[in-house]
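Student: the following block contains a protein sequence and its predicted model.
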Amino acid sequence: MVMSSISKWIVDPRKNWFARMHMKSLSNRLRKYGLRYDDLYDPMYDLDIKEALARLPREIVDARNQRLKRAMDLSMKHQYLPEDLQAMQTPFRSYLQEMLALVERERAEREALGALPLYQRSIP
């Protein structure tokens with residue numbers, strides 16, 4: 001119980017100054033390329049993320065792909081987004097977390113019931 005409260009305090013930006021500074025630094029880096037935090041999840045690494053992305057509406061996935069392409073293009077050109085566009089970015093507005101939580105709950109329920117997985121759980 002004590003370790004749980006300590007670990008929550010360590011990662012909570014509202015309570016811990018270092019976590020707040022890390023979140024601010026990460027926010028600035030994501031804004032420079034026009035990314036959101038959820039864009040950093042790799043569907044090739046975790047199949048739950050792949051399944052969650054497959055369940056999202058096509059417009060959201062297309063917007064994610066466009067943000068990733070733009071970020072790669074800017075990175076290859078050694079440039080950042082213009083300042084006015086950086087100010088409009090919302091790096092911590094989540095679009096994937098709710099669906100990912102649902103997929104993880106379904107997987108845990110299937111494992112608890114002893115059912116076969118919906119998709120092959122092998123990491124390439």
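Tutor: Everything's here; your move.

Student: longest helix anywhere in the chain?
Tutor: Identified as the longest helix of the chain according to DSSP state H is helix 58-76.

Student: what comes into contact with the helix or strand following that one?
Tutor: Sequence order places helix 83-88 as the next helix or strand after helix 58-76, per DSSP states H and E. Contact with helix 83-88 is made by 31-32, 34, 80, as judged by CB atoms under 8 Å, 6 or more residues apart in numbering. For glycine as for every other residue, the C-beta is placed from the backbone atoms N, C-alpha and C.

Student: what angle do helix 58-76 and the helix or strand containing Glu51 make with each other?
Tutor: Per DSSP H and E: Glu51 is located in helix 47-55. Helix 47-55 and helix 58-76 meet at an angle of 120 degrees, taking axes from the mean of the first three to the mean of the last three CA atoms, to 10 degrees as the criterion.
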